[in-house]
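A.B. asks: The following block contains a protein sequence and its predicted model.
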Amino acid sequence: MLVSSNWLQELIDISSYSPEELAEIITKTGIEVESVTPVAEGVSGVVVGYVESCVQHPNADKLSLCQVDVGEETLQIVCGAPNIAEGQQVAVAKPGAVLPGNFKIKKTKLRGEESNGMICSLQELGIDEKDVPKEFADGIFVFPEDVKAGADALSLLNLDDKIIELGLTPNRSDALSMAGVAYEVAAAIDGDYELQEEDVPYSNKAAGDLISVEVEDKQANPYYGAFIIKDIKVGASPLWMRNRLTAAGIRPINNVVDITNYVLLEYGQPLHAFDYDRFDSDKVVTRRAKDGEMITTLDNQKRELKNHHLVITNGDEAHAIAGVMGGAKSEVQEDTKTLILEAAYFDPSVVRQASKDHGLRSESSNRFEKGVDPNRVERAGKRACELLAKYAGGTVLSGAVSVDQLDRSEKTVSIKTSVINDRLGTSITNEEIADILRRLQFTYEQSGEHFDVKIPTRRGDIELFEDMLEEVARIFGYDNLPYTLPQGSSQAGGLTLEQQLKRKVKSYFEGAGLHETITYSLTPKERSQMLVSPEIKRQAQSPVGLAMPMSEDHSHLRLSMLPELLQSLSYNVARKQKDLSYYEVGTVFVSNEEQVTKQPKEILRASGALTGTWISHAWQQEKKEVDFYVVKGIVEGLSAQLDLSFTYEKTKLPHMHPGRTALVKSGDKEIGFIGQVHPKLQKELGLKDTYVFDLNAEELFAQYTKEEAFQAIPRYPSVSRDIALVVDEQITSAAIAHTISEAGAPLVKDVQVFDVYQGDHLPEGKKSLAFNLLYLDPHRTLKDQEVEEAHDKILTAVKDEHEAELRG
Amino acid sequence: MKERLEELKQEALEKVSKSENVQSLKDVRVEYLGKKGPITEVLRGMGKLSKEERPVIGQLANEVRESIAAAIDTKQTRLEDEELEKQLEAESIDVTLPGRPVRVGGPHLLTSIVEEIEDLFIGMGFEIKEGPEVETDYYNFEALNLPKGHPARDMQDSFYITEELLLRTHTSPVQARTMGQKDGNEPVKMICPGKVYRRDTDDATHSHQFTQLEGLLVDKHVRMSDLKGVLNAFAKQMFGAERDIRLRPSFFPFTEPSVEMDISCKVCEGKGCSVCKGTGWIEILGAGMVHPNVLEMAGYDPKEYSGFAFGMGPERIAMLKYGVDDIRNFYTNDIRFLEQYHKA
């Protein structure tokens, strides 16, 4: 809502505040002021000029040479506007004047003729193109009425105004009118305002002779009033009215349209004027539209109606979509003589639906949608009649013809001072409450600390005690609330075990060299199904898709974070950032339904993607690219952090390197996978060798047990032995290590591979694996012989199970 | 004999002091203290001495022996130290060459901000609650006083999956869910951070996915001044002790009264500048007293229980605190962005 401070000053005395100070007060008590903008900042030296003569410039076809009376003198001015003519009163920027953009006017010569100033268009004076009346769009502005030569054109054109822009929340539609704003300002500054009574010069003739009204759906249209105004002379509206419309961002059109718009601004009540003769009927019937019924609206669009739309008809065809837009057929035109003026109350939801269906958001629909003041509907009609009589020569026939079932009663809300203080933490007195109600102009009955407050119908947002609590609090002032801390039952606060573990895992990854990323949960359908861990895939029917995505890029919920992580890598590599190690802890969305009806399971996962150089120490010629074992090391470190033991099994997965991918298990539960991205996908994404991991964090947290008991540090020394075994190259180190552990139990406490060799001195298809074994008995020192026996047992076992030979 | 011993001592000590290396010291030791050395010889000849002379000479011989040995030891230690010193000198390196890099990662800026806020509220006794990102229409809207057809639903166009399921548009459903678990007779004191989604086209100030962090306190006799006190404590710790706060009226369907909280602008210290658009204040969060309909739907009697709630956007806070100028930076994961904020 754009509020002219000049207009507001006429409604309520705000002269002791600058518009900026007022803005601050309004913002703190109720409605946020988004900006305060001068209409024409820094403009000066513009006066009214009377064009005494206007002749063709001797040296230029398109220029005119004018003698202009600007009060104390007559200036010769060259003007290029096509609409300049003798006898006009125009806005003249005299030499020394300043126009918007700090444009200074000087004496000059144009094609050999002296020009002492400039005759201005509205645009040149700083009025927004869209607010300029059409007749002046391509030329200079001409005053529509008699003004004095030499008078200050800036004030006549309201260019000395400041516009206060209100950011209205949906509940404060009462401030969608100057009256509403004035009531609000009155409460804020403790000023006086009341909406003046209308004064309509009714003629003797009754409107009922010319029109009748029928309403079919009184729920949707509880009040419809039709006024008849005859003898209309369509023309320009008075300058002050045009100025106010312009200030509010509404383009002046003609007196009839301007008056309905003016009342809309003044009262917050949208009105509509039909040309009585073009309406072509003596009855107004409002009803629900028929499916497929057509109407051509004022913007010359043909629109198809549905049966939930409400229309204003002449008993036969639709002449307006109720509350949204009028029809072209009965539009007021220059020759219009008689008006039907509609003042009505339409159900907010009916108007909202129609406005949404037709993509028509108008000043009118915006107000109906939020609910207009039932006590101001008819009054707005009267106000328009008053103005039409005054400024459009109208004769107002007596009595609005109406159908009326509108509830205009005021609700009562009871408040109690002690409860207000209990809720606010204040010690407001009964007197202060009474004073706040007086400022708000809410009437009430008081008995002690009890107040029964009658809520004026303009404040439809107030229904409950809490709504009144807010009214009291905001006028009392939030600045005046004390600072206290909650006194109720105390709790320790803190993180749950799962939240602690999530933080632990994240800081582990970061310590291990990974950067945390956050990617989008919504991905293209294709990507949402890629690189999904097998245990997730088994549970998920298909990715969960949006009913109406905004774009294909964000249409489905992810089943894996890896595709978006790879996109992030790709984005960076394209920008020459090649060494990347990313992780994300986030949820994936798993639904076991083909057609989703229930909330999907949201599973917390920890995923990572790495590419490029892992460690490089150039002057020592040390350089390590990211490989499978870098990533596996990070995952192994994670299991150590959580005191879990992971096992790895070679596997093949779509989009993954068939020889370099492993399933990861923790205990006997599958928890995810690690490996290299398939080189074909790497190539598509412009990536070099890229390795990923994707783990079920939730399962890891579930398996985590907080170790409480202290484990004694072994007192006796351990014995370390190495063995090198020659085995078939297909046999995994894990399989051998497993056999060693089993055969060596209980003395073998740890088995570590320390060398893998293939090549010279070994038969084709064979490899050598060297292990370091750690023997320990926590209760005594081991004897050599015991170790030897165990060692022999191990050798026998690996030979039996894997045909492993001791390497000579 | 006595003279002979003194002479030998002088001779040996001189040789010790002239020795330049460990080997020549060894030679001195063998020459004078060895089994065939002159002192041993002197001692052998002691049989010829009188009973009285024998202990005197014996003692003297031992003293000579010891002083020579001591001199050799001292010198030897010194020579060894010098040699080690020389050797270590030869091993010196260029300490200005770069070290072997350790790979270091770090948290995302949003995580840092969220965890900072979490810790701050944990300190005030709040718990952290989480909830699903795919929500039911009921919890996302209806339980929060936004029935179907409510005009305020326009404020946040949503991503629906079915008519009843959608991506949550705010973290408020976590509040409704948490309250709902309490049978209407237990206090709630929680914050809930999380991802939320709205139908916005991504640009410098809009993102279809972003982060929210909300707080809720429900108990008997919760006052609006408590809200002001808690938010003040939060603002001072998060943005600096010298920041002031102000509350001004606003509207949210799930709170009444509703307010927005501004903090005084850091750039101009409240005088008005381009950052605060001349107002001296910067909007940080929305808050209010929990709407009685919301309490009631969650099973609380609004006559007995009251509460406050607040909600903020970590992206906005990060943008204000660090001057990040484009919200898309949080989701593009450009390494040059991520690395900047690892100490945040």
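C.D. replies: Now that the structure is in, tell me what you want to look at. Numbers count the residues shown, from 1 in each chain, chains lettered A, B, ... in the order given.

A.B. asks: Kindly state the domain boundaries assigned to chain A.
C.D. replies: A:2-39+A:162-189, A:44-156, A:202-404, A:411-476, A:497-703, A:719-806 (automatic domain parsing).

A.B. asks: and the gap between A:L176 and A:L75?
C.D. replies: From A:L176 over to A:L75 the distance is 45 Å, taken as C-beta to C-beta, to the nearest Å. For every residue, glycine as well, the C-beta is placed using N, CA and C.

A.B. asks: Between those two, which is the more surrounded one?
C.D. replies: With neighbours defined as other C-beta atoms under 10 Å in any protein chain shown, A:L176 and A:L75 compare such that A:L176 has more, 22 against 19.

A.B. asks: which residues of chain B score low on pLDDT?
C.D. replies: B:151-152, B:154-156, B:343-344 (pLDDT under 70).

A.B. asks: would you list every one of the strands in it?
C.D. replies: With DSSP state E, the ranges of strands along chain B come out as B:127-128, B:134-136, B:165-167, B:188-197, B:209-220, B:245-252, B:255-264, B:281-290, B:305-312.

A.B. asks: Can you lay out these as JSON lines showing mean neighbour count?
C.D. replies: Shown next, in JSON lines, are the strands of chain B (neighbours: other C-beta atoms under 10 Å in any protein chain shown):
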{"stretch": "strand B:127-128", "mean neighbour count": "20"}
{"stretch": "strand B:134-136", "mean neighbour count": "24"}
{"stretch": "strand B:165-167", "mean neighbour count": "23"}
{"stretch": "strand B:188-197", "mean neighbour count": "23"}
{"stretch": "strand B:209-220", "mean neighbour count": "22"}
{"stretch": "strand B:245-252", "mean neighbour count": "22"}
{"stretch": "strand B:255-264", "mean neighbour count": "24"}
{"stretch": "strand B:281-290", "mean neighbour count": "23"}
{"stretch": "strand B:305-312", "mean neighbour count": "25"}
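
A.B. asks: who's in contact with A:F710?
C.D. replies: For A:F710, no contacting residues are found, by C-beta atoms under 8 Å, 6 or more residues apart in numbering or on different chains.

A.B. asks: Is it in a helix, a strand, or coil?
C.D. replies: coil (DSSP: H, G, I helix; E, B strand; the rest coil).

A.B. asks: Look up how far chain B lies from it.
C.D. replies: 29 Å (C-beta to the nearest C-beta, to the nearest Å).

A.B. asks: who's in contact with whichever residue of the stretch 151-300 of chain B sits closest to chain A?
C.D. replies: Relative to chain A, the nearest point of the stretch 151-300 of chain B is B:S225 (2.7 Å; C-beta to the nearest C-beta). The neighbours of B:S225, taking C-beta under 8 Å, 6+ apart as the test, are A:L424, A:G425, A:T426, A:L481, A:P482, A:Y483, A:T484.

A.B. asks: between those, which is nearest chain B?
C.D. replies: A:G425 (2.7 Å).

A.B. asks: and the closest one, what does it touch?
C.D. replies: A:L481, A:P482, A:T484, B:R223, B:M224, B:S225, B:D226, B:K228.

A.B. asks: excluding its backbone neighbours, what's nearest it?
C.D. replies: B:S225 (2.7 Å; C-beta to C-beta, 6 or more residues apart in numbering or on different chains).

A.B. asks: gap between the one you found and A:G150?
C.D. replies: Taking C-beta to C-beta, one finds B:S225 at 60 Å from A:G150.

A.B. asks: rewinding a little: mind putting the domains of chain A in a markdown table, mean pLDDT included?
C.D. replies: Formatted as a markdown table, the domains of chain A follow (pLDDT from 0 to 100):
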| stretch | mean pLDDT |
| --- | --- |
| domain A:2-39+A:162-189 | 93 |
| domain A:44-156 | 90 |
| domain A:202-404 | 95 |
| domain A:411-476 | 96 |
| domain A:497-703 | 95 |
| domain A:719-806 | 91 |
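
A.B. asks: could you redo those domains as CSV and give each row distance to B:L43?
C.D. replies: Conversion of the domains of chain A to CSV gives the following (distance: least, C-beta to C-beta, whole Å):
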stretch, distance to B:L43
domain A:2-39+A:162-189, 111
domain A:44-156, 117
domain A:202-404, 124
domain A:411-476, 105
domain A:497-703, 62
domain A:719-806, 50
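
A.B. asks: got the contact list for residue 217?
C.D. replies: Went with chain A since none was named. Taking C-beta under 8 Å, 6+ apart as the test, what A:D217 contacts is A:T286, A:R287, A:R288, A:L310.

A.B. asks: Chain B, not that one
C.D. replies: Counted by C-beta under 8 Å, 6+ apart, B:L217 has contacts A:P486, B:F126, B:P187, B:V188, B:K189, B:M190, B:D226, B:V230, B:G307, B:F308, B:A309.

A.B. asks: out of those residues, which one sits closest to A:P534?
C.D. replies: B:M190 (36.4 Å; C-beta to C-beta).
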